[in-house]
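Undergrad: take a look and give me a structure for this.
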Amino acid sequence: MRRSSLAAFAAFAVFALPSVAQAAPIFGFPDVNFAAASYPGRPQTLMVDIATSSPMIFGPNVLQMGVLASAGDQVSENSGSGFAPLANGYIDLYNGTGGATNNGFAYNVFLQFGQLSGPFAEGSPNGPFTLTPTPLGYDGFGEFTITFSDMPGFTLGQTVGVDLLVTNVQPVSFQGVTYYTADVKGDVAPLETAPAVPEPTTLGLLLFGLLGLAARRRSP
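TA: The predicted structure follows:
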C-alpha cells in the first residue's frame, strides 16, 4: 500500500512541477561579426560632443557605438558558409538613454547595421541593453526587433541579438560628468531558441515515479 501511494505522489509531482528549463537564446545566421579599437587619429564615429578616438562611449543617459569598416574596423558576415568581409560595413548603437544599475549599466538603445550606400537593417529595443562587469571590462547584450531591412537574411519583425565584449574601458570627463570610452567586439545575428531541456529535479522525480510504478506492479 505504501508503495502505491508513493508512486501516485511521484507521478503527481512530475505533472505538477514545470517540466522544462528556461530555453536560452542562441545566435543563428546571418551573423555579422565586428571588432573595433581605439587608436590615435581614428575618425570620430560617434555622434557626441565629446572628441574621442574610441568606437564606444557610455555613461549617464548616453550609450553610443559606432563601428565602421572604412575607419579600419573589422566587419564581416557569415551566412552559413564562413565569414567574409562585409564591404563598407557598419554597426551603430544610438540614442541610448539610461545609466548605472546595481550591476553595471542598462540602456534603451536603437540598432542600425549593414553597408554604407547599400543594404541595411534597423532595430528597436525589446528591453534594456545591459552592460555587466567582467574582469576585462563589460559583457553587453540586448535584443531588438527588426523594423526595417533590405539586408538579405534579416526580415521585418525578426528578433536579433547584439552580443558585446567591451574592453579597454577608460574614464573621460566632460562638463563635470564622467563617461567611459571603450573598445568593442561582438556579433549581430538572429536569435533562435534552444531545444527545451528537462530540469534535473523533474528528471529525478520522473525516474522516482517510474520506479514506484514498477514496484507497485511487482507487489502481490
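
Undergrad: from Phe105, how far off is the residue most central in space within the chain?
TA: Centre of the chain computed as the mean C-alpha position; nearest residue by CA atoms, centre = their mean is Phe141, 3.5 Å away. Computed with CB to CB, to the nearest Å, the distance linking Phe141 and Phe105 is 12 Å. Where you see a C-beta, it was placed from the backbone N, CA and C, and this is true even at glycine.

Undergrad: and if you look at Ile146?
TA: As judged by CB to CB, Ile146 and Phe105 stand 24 Å apart.

Undergrad: those two - which one has more neighbours?
TA: Between Ile146 and Phe105, Phe105 has the larger neighbour count (other CB atoms under 10 Å), namely 23 against 19.

Undergrad: tell me which element that one falls in.
TA: In this structure, Phe105 sits in strand 104-115 according to DSSP states H and E.

Undergrad: which residues touch that strand?
TA: Defining contact as CB atoms under 8 Å, 6 or more residues apart in numbering, one finds that strand 104-115 is touched by 32, 58, 63, 86-99, 120-125, 128-133, 138, 142, 144, 151, 160, 162, 188.

Undergrad: in the helix or strand in which Tyr179 is found, what's buried?
TA: Using DSSP H and E, Tyr179 sits within strand 177-193. Within strand 177-193, the residues scored as buried using 16 or more other CB atoms under 10 Å are Tyr179, Tyr180, Thr181, Ala182, Asp183, Val184, Lys185, Gly186, Asp187, Val188, Ala189, Pro190.
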